[in-house]
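# sharing a sequence plus its predicted fold:
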Amino acid sequence: MIELLTVTTALPEPAFDLHYLHFPLDVPEGLAELELVLEYDKIVDVVQIYAVLLQPDGAFRGHVQCPGGPGPRRLVIGVGTADATPGCVPGPIPAGRWTVRLDLDRHKAAAPYRLTVRGRTGGTPGVRAEAVRAAAENVAGGPGWYRGELHSHSSHSDGQRPVADLVKAAREAGLDFLAVTDHFTSAHWQDLTGHDDIVLLRSMELTSHRGHANLHGLARWVDTYVDRPEHTMTDVADDVHEQGGLVCVNHAFSGDQAWRRFDTPWDRIDLIEIAHLQQGANNDAQIGLWDRLLTAGHRVIGVAGSDCHDPADPGQALGQVVTVVHAREGSQAGVVAGLRGGRVSVWRGADLDMHVNGAPMGATAEAVDGAVRVEVDVRADEPVVVFVLRDGLLINVVPAEDRPGAWQRIAVEDRIDRPGYYRAEVHADPGRHDPRFWASSLRDHSSLRAAGNPVWVR
């Protein structure tokens, strides 16, 4: 092994605008492998460091996160798939000036660390590594409703299981599509091939110090390191949209991981998590933010996510909160187009569809002389109540008939004198005689069984 870089030092004192440390290193011709070892004592939510390797043209080649306790983190990239650790993109090692980026994910104290990079000779010189390429996309079905998971993690980032385990769990949960959204990396895409009976989205999670966002329907890796002034969320959104993909703001009120990117170009955000399996009451705030965005004119589609890191953990198991999409076909392109189109609902025990003056969710309806007819189709296995909202405010509450497993339609008439939007929610019915419920004070994340996306009316 050839030693290319050794740094033994301590983190500087925390600073508001200090997010990354960079270390250049010169890689000679003919290396078959690069090994990076980062040693430091992790202190949860106080000192957490990620290591990233960038090749001379700035392309991402690998990262290592910091699950677990204190101890060294090891990252290896090599010529073949078997020569790369999880989170790393295999391929030849081009000569030139590489960069190690230390991402100071949690930096609330100065702390010692040691960084070492070594190379092993024997590779093909001077060949640029290519991004992981997906196999020809399969089509798993025709027009209809598709149920899936938009937020999960494998061992390529901080998940506990390989991609194959997530795919197996998704099948067992009866899902039609799955997005593995590993932090920073596209290395997990190489494990998405060979599964023709389920749609697997090429996705990743932007994991900044002021918020997380999933990127779906990608063709190539996206530079997600936005905690630097020269690369912003606008740049990320432009790259994602150029690829035909979608940007989704995640768990917007989740403590240190809350969305605090106050320069967000909301007109370029496509989706927002409004139902997160593990966020509890934060989901109420997320729906409130969503309504504020909608009333401001941003056509952002509400979706769900479990953020599953271990499908064997009952608290994270897939299928408990589901995004339901009407798509023209069961493929990545079909699901992404369906999400963009907005005929989408969140399932937490009930199915929901809605039309306003005949227009489906995600569309714009015409209100002749201001007349509006909202038709909500609902199916549930328990007594439920349908809430109809206009511009984020409740206009009607209608109990559904107790007909387990059967679709039924609830219609509400309204009149408007200006453009706006309608949406519907389905909640568990705590009892017909509870006045707090009818005043909507018990309508929250715990009673939510389904949420539909808006129909805009003009």
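Happy to help now that I have it.
# tell me where the stretch 351-458 of the chain has strands.
For the stretch 351-458 of the chain, the strands defined by DSSP state E, counting those that start in this stretch cover 359-360, 364-365, 371-380, 384-390, 393-399, 408-415, 420-428, 448-452, 455-457.
# of those, which approaches Cys88 most closely?
Proximity to Cys88, assessed across these by CB to CB, is greatest for strand 448-452 (38.2 Å). Glycine gets a C-beta too; all of them are placed from N, C-alpha and C.
# hey, which helix or strand in this protein has the poorest pLDDT?
For the chain, using mean pLDDT, DSSP states H and E, the weakest element among its helices and strands is helix 435-438, scoring a mean of 55.
# number of residues surrounding Pro454?
Neighbourhood size, Pro454 [other CB atoms under 10 Å]: 28.
# then whichever strand or helix holds Trp290 to CSV, C-alphas only?
According to DSSP states H and E, Trp290 maps onto helix 282-295. Only the C-alpha atoms of helix 282-295 are listed here, as CSV (Å, rounded to 0.1, in the frame of the first residue of the first chain):
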residue,chain,number,x,y,z
ASN,A,282,-44.4,16.9,13.8
ASN,A,283,-46.7,15.7,11.0
ASP,A,284,-49.3,18.2,12.1
ALA,A,285,-46.8,21.0,11.6
GLN,A,286,-45.8,19.5,8.2
ILE,A,287,-49.4,19.6,7.0
GLY,A,288,-49.7,23.2,8.2
LEU,A,289,-46.6,24.2,6.2
TRP,A,290,-48.0,22.4,3.2
ASP,A,291,-51.3,24.3,3.4
ARG,A,292,-49.3,27.6,3.7
LEU,A,293,-47.3,26.7,0.5
LEU,A,294,-50.5,25.8,-1.3
THR,A,295,-52.3,29.0,-0.4
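# heads up, I number from 31, so please use that
Sure, I'll start counting at 31 from here, so that last one is helix 312-325.
# which other helices and strands contact it?
With contacts defined as 3 or more CB pairs under 8 Å, 6 or more residues apart in numbering; DSSP states H and E, helix 312-325 has these neighbours: strand 301-306, strand 450-458.
# tell me the mean pLDDT over that helix?
The pLDDT scores in helix 312-325 average 97.
# export the helices and strands packed on helix 312-325 as CSV, with columns for distance to Gly400, mean neighbour count and mean pLDDT.
What follows is the helices and strands packed on helix 312-325, written out as CSV (distance: least, CB to CB, whole Å; neighbours: other CB atoms under 10 Å; pLDDT from 0 to 100):
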stretch, distance to Gly400, mean neighbour count, mean pLDDT
strand 301-306, 29, 25, 98
strand 450-458, 11, 25, 97
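# reformat those strands as CSV; add distance to Val376.
Output for the helices and strands packed on helix 312-325, formatted as CSV (distance: least, CB to CB, whole Å):
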stretch, distance to Val376
strand 301-306, 5
strand 450-458, 9
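# for Leu319, what are its contacts?
For Leu319, the contacting residues are 282-283, 302, by CB atoms under 8 Å, 6 or more residues apart in numbering.
# try 6 Å this time
Residues in contact with Leu319 (CB atoms under 6 Å, 6 or more residues apart in numbering) are Ala282.
# same thing with Ala481?
Ala481 makes contacts with 376, 455, as judged by CB under 6 Å, 6+ apart.
# bridging residues for it?
Counting by DSSP bridges, Ala481 is bridged to Val376, Glu455.
# model confidence for it, exactly?
You'll see Ala481 listed with a pLDDT of 98.
# measure it to Leu307 for me?
Using CB to CB, to the nearest Å, one gets 14 Å for the distance from Ala481 to Leu307.
# ok, now Val119?
Remark: distance between Val119 and Leu307 (CB to CB) = 30 Å.
# ok, now Val352?
Distance of Val352 to Leu307, computed by CB to CB: 10 Å.
# out of the two, which sits in the more crowded spot?
Using other CB under 10 Å, the more surrounded residue of Val352 and Leu307 is Val352, with 28 against 23.
# of all the strands of the stretch 381-488 of the chain, which one is nearest Val374?
strand 478-482 (7.9 Å).
# where does Tyr368 land in three-state SS?
In this structure residue 368 is Gly, not Tyr. helix (DSSP: H, G, I helix; E, B strand; the rest coil).
# with adjacent residues omitted, what lies nearest to it?
Spatially, and ignoring its direct neighbours in sequence, Gly368 is nearest to Ala357 (3.4 Å; CB to CB, 6 or more residues apart in numbering).
# can you check Ser185 too?
Among residues not flanking Ser185 along the chain, Pro116 sits closest, at 4.8 Å (CB to CB, 6+ apart).
# what separation do you get for that neighbour and Val94?
For Pro116 relative to Val94 (CB to CB), the value is 8 Å.
# and those two? Which one has more around it.
Shown here are Pro116 and Val94; by other CB under 10 Å, Val94 has more neighbours (25 against 22).
# how about that one, what does it touch?
Applying CB under 6 Å, 6+ apart, the residues near Val94 are 81, 103, 105.
# flag the shaky bits of the stretch 231-380 of the chain, pLDDT-wise.
Along the stretch 231-380 of the chain, no part satisfies pLDDT under 70.
# let me see the ranges of the helices in it.
Residue ranges of the helices in the stretch 231-380 of the chain, as given by DSSP state H, counting those that start in this stretch, are 263-272, 312-325, 362-371.
# list of residues touching the first one?
Among residues not part of helix 263-272, those counted as contacts by CB under 6 Å, 6+ apart are 245, 252, 256, 277, 291, 294-295, 298.
# may I see the PyMOL selection of the buried members of these?
To isolate the buried members of the contacts of helix 263-272 in PyMOL, using 16 or more other CB atoms under 10 Å:
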select buried, resi 245+252+256+277+291+294
